[in-house]
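A.B. asks: Structure for this input, please:
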Amino acid sequence: MKKNLTILLLFIALFALNASTDIILAPPKWKVLIIDGQNNHKWAITTPIMKRYLEETGLFKIDVLTTPPKDSSLDQFLPSFKGYDVVLSNYNGKSWPRQTELALEKFVSKGGGLVIIHAADNSFPYWKAYNEMIGLGGWEKRTEKDGPYVYYNDKDELIRDNTPGPGGHHGSQHEFVIKTRMQEHPIMKGLPEEWLHTKDELYDLMRGPAVNMNILATAFSSKDQKGTGRHEPSVLTLQYGKGKIFHNMMGHEDYSMHCVGFITLLQRGTEWVASGKVTQTVPEDFPTKEKSVSRSGK
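C.D. replies: So this is what the prediction gives:
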């Protein structure tokens, strides 16, 4: 009897060890493809930063696809998105071949996730579906033909402004307060209503189709910083077919991406477009309205 009990306890211990090992060794849930290679921003520095912060969650397996440089043809840039759950764009450069555009449209419309970071929303002004996917864009000769300005006024009313004018502007780089507009959205749930983001470009005068779009957070573009004096969209989600899009207008430089607020949104937004849910908790060192918080970047 004693021998049988010993064997039983040993079996239970081995089972528990194996189960815990399985948990530790469980592969990441979601495959992410980061596209970079052309950008008027320092993509060779910022892509590794985002890759690192996504991988540290244990949720994502990251591949990076770098396009040929600007002085090269993109005719043969024909990636396959098959097998990926999310495409993250850190790209702002030449137009892609139509075959590649159609492949991304199909990927997202069939349920794939898309993440747009900062200057990626400057890209592809003449690609109709892309502009529907990102909601709002800037520069590259965007005007009222591309859609309205979208912002909140001082009465907290959401304005769609069809005034003629160029799309895309920012004032001086500075720290600015992010205001949560959809507290119950899974990406934003548990975040402070207001928190201070580290030094960055605050995009304003963005315009586009703005359909199937939710504004999760805004930032006040102060005239003291050469801004608009309006509450401008900073964090968006969109739906395109069955696919989800997370659009974060922050992230100009490495120091902008080391902000704990930016990191948290990147991680949570990427999980949300992959799964429709967010399992990650808000870090204890999340910024307050009075104090920004950055990781060391090492």
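A.B. asks: The one helix or strand Ile49 maps to - contacts with which helices or strands?
C.D. replies: Assigned by DSSP states H and E, Ile49 falls within helix 43-55. Judged by 3 or more CB pairs under 8 Å, 6 or more residues apart in numbering; DSSP states H and E, helix 43-55 is in contact with strand 30-36, strand 60-66, helix 254-257, helix 260-275. For the C-beta atoms, the positions are set from N, CA and C on the backbone; glycine is no exception.
A.B. asks: Can you tell me which of these is packed in deepest?
C.D. replies: Across these, averaging neighbours per residue (mean count of other CB atoms under 10 Å) puts helix 260-275 on top, at a mean of 24.
A.B. asks: relative to strand 60-66, how tilted is it?
C.D. replies: 100 degrees (axes from the mean of the first three to the mean of the last three CA atoms, to 10 degrees).
A.B. asks: quick one: the helix holding Ile49 to chain centroid distance?
C.D. replies: Put simply, helix 43-55 sits 12 Å off its chain's centre (CA atoms, centre = their mean, to the nearest Å).
A.B. asks: Could you list the buried residues of that helix?
C.D. replies: By 16 or more other CB atoms under 10 Å, the buried positions in helix 43-55 come out as Trp43, Thr46, Thr47, Ile49, Met50, Lys51, Tyr53, Leu54.
A.B. asks: Report the mean per-residue pLDDT for it.
C.D. replies: The average pLDDT for helix 43-55 rounds to 97.
A.B. asks: Ok, stretch 170-181 next?
C.D. replies: 97.
A.B. asks: Ok, stretch 194-210 next?
C.D. replies: Stretch 194-210 comes out at a mean pLDDT of 98.
A.B. asks: again, but for stretch 222-236
C.D. replies: On average, the pLDDT along stretch 222-236 is 97.
A.B. asks: One more: stretch 81-88?
C.D. replies: 97.
A.B. asks: Contacts for it next, please.
C.D. replies: Around stretch 81-88, the neighbours that count as contacts under CB atoms under 8 Å, 6 or more residues apart in numbering are 30-35, 50, 60, 63, 103-104, 107-108, 112-115, 117, 270, 273-274.
A.B. asks: Please apply the same query to stretch 213-220.
C.D. replies: For stretch 213-220, the surrounding residues in contact (CB under 8 Å, 6+ apart) are 135-136, 150-152, 158, 176-182, 185, 187-188, 197, 202, 227, 230-238.
A.B. asks: Mind doing that once more with 7 Å?
C.D. replies: 135, 152, 176-182, 185, 187-188, 202, 231-238 (CB atoms under 7 Å, 6 or more residues apart in numbering).
A.B. asks: In helices only, show me those.
C.D. replies: Among the contacts of stretch 213-220, no residue falls in helices (DSSP state H).
A.B. asks: thinking again about what came up before, which of the helices and strands packed on helix 43-55 sits closest to Val211?
C.D. replies: Set against Val211 and scored by CB to CB, the helices and strands packed on helix 43-55 come closest in helix 260-275, at 17.4 Å.
A.B. asks: My guess is Tyr130 contacts Ala120. True?
C.D. replies: No. Using CB atoms under 7 Å, Tyr130 is not in contact with Ala120; the gap is 9.7 Å.
A.B. asks: I'd like the distance between Ile215 and Leu33.
C.D. replies: 26 Å (CB to CB, to the nearest Å).
A.B. asks: need the helices for the stretch 101-250 of the chain, in chain order.
C.D. replies: For the stretch 101-250 of the chain, applying DSSP state H, counting those that start in this stretch gives helices covering 128-134.
A.B. asks: Kindly provide the distance from the closest residue to Glu271 other than its chain neighbours to Thr264.
C.D. replies: Leaving out its chain neighbours, the residue that sits closest to Glu271 by CB to CB, 6 or more residues apart in numbering is Val278, at 5.4 Å. Using CB to CB, one obtains 10 Å as the distance from Val278 to Thr264.
A.B. asks: Gln239 now?
C.D. replies: Gln239 is 22 Å from Thr264, by CB to CB.
A.B. asks: quick one: which of the helices and strands packed on helix 43-55 is nearest Glu193?
C.D. replies: Set against Glu193 and scored by CB to CB, the helices and strands packed on helix 43-55 come closest in helix 260-275, at 12.8 Å.
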